[in-house]
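>>> sharing a model that was predicted from the sequence below.
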Amino acid sequence: MNAEEYKSLINSKDVFDHTSLNITWKELVLRQEFGLAGNLKRVLENNKIAKPDFHSKPYDISTTYYKVDLSADDFEKIIDVFINLETSHVGENGETTSSASFYASLVDKWNRIVCG
């Protein structure tokens with residue numbers, strides 16, 4: 001696989017970075033969404049995209065990507081979790097906070113799969 005093919009692959013709408021998936025998994029566990037967390041754990045364990053030989057950080061997990069093959073129902077549940085987190089972190093006067101913005105960015109990432 002050359003650099004262009006790898007870049008195209010990791011920029012697919014159903015591919016996520018390790019950090020986003022790990023944060024999602026942790027939030028699901030905290031909310032006791034164990035079935036959904038288990039589905040995501042399967043993705044983390046089995047759907048890693050192999051890094052090409054030329055990758056500058058072959059052993060750095062933060063530069064690892066995964067193909068996410070969850071059901072549409074799972075995607076909707078994850079989006080709902082992050083929408084609820086976003087709204088719960090909006091300031092008292094409706095102003096956005098850094099936490100609300102962070103969760104909104106995760107809503108956007110997950111929505112990208114559903115909406116294209």
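Cool, the structure landed.

>>> name the residues that touch the helix or strand encompassing Val81?
Val81 is located in helix 72-88, with elements delineated by DSSP states H and E. For helix 72-88, the external contacting residues (Cβ atoms under 8 Å, 6 or more residues apart in numbering) are 24, 27-28, 31, 33, 36, 39-40, 70, 100, 103-104, 106-107, 110-111, 113-114. For the C-beta atoms, the positions are set from N, CA and C on the backbone; glycine is no exception.

>>> now do 7 Å
For helix 72-88, contacts defined as Cβ atoms under 7 Å, 6 or more residues apart in numbering pick out 24, 27-28, 31, 36, 39, 100, 103-104, 106-107, 110-111, 113-114.

>>> same thing with stretch 25-38?
In this structure, residues lying in contact with stretch 25-38 by Cβ under 7 Å, 6+ apart are Leu40, Lys41, Leu44, Asp74, Lys77, Ile78, Val81, Leu85.

>>> returning to that earlier point: tell me the one of the contacts of helix 72-88 nearest Val15?
Of all those, Ile113 has the smallest distance to Val15: 9.2 Å, by Cβ to Cβ.

>>> I'd like the distance from the host helix or strand of that closest one to the chain centre, please.
Per DSSP H and E, Ile113 falls inside helix 98-115. With Cα atoms, centre = their mean, to the nearest Å as the basis, helix 98-115 stands 9 Å off its chain's centre.

>>> for that helix, list every residue counted as buried.
Neighbour counts over helix 98-115 (16 or more other Cβ atoms under 10 Å) mark Ala100, Tyr103, Ala104, Leu106, Val107, Lys109, Trp110, Asn111, Ile113 as buried.

>>> could you do stretch 4-13 as well?
Within stretch 4-13, the residues that count as buried by 16+ other Cβ under 10 Å are Tyr6, Ile10.

>>> ok so, going back, in JSON lines: the contacts of stretch 25-38, plus distance to Gly91, pLDDT and neighbour count.
Formatted as JSON lines, those follow (distance: Cβ to Cβ, whole Å; pLDDT from 0 to 100; neighbours: other Cβ atoms under 10 Å):
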{"residue": "Leu40", "distance to Gly91": "30", "pLDDT": "97", "neighbour count": "25"}
{"residue": "Lys41", "distance to Gly91": "33", "pLDDT": "97", "neighbour count": "15"}
{"residue": "Leu44", "distance to Gly91": "33", "pLDDT": "96", "neighbour count": "18"}
{"residue": "Asp74", "distance to Gly91": "31", "pLDDT": "96", "neighbour count": "19"}
{"residue": "Lys77", "distance to Gly91": "26", "pLDDT": "96", "neighbour count": "17"}
{"residue": "Ile78", "distance to Gly91": "24", "pLDDT": "97", "neighbour count": "27"}
{"residue": "Val81", "distance to Gly91": "21", "pLDDT": "96", "neighbour count": "21"}
{"residue": "Leu85", "distance to Gly91": "14", "pLDDT": "95", "neighbour count": "19"}
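
>>> all good on my end, thank you.
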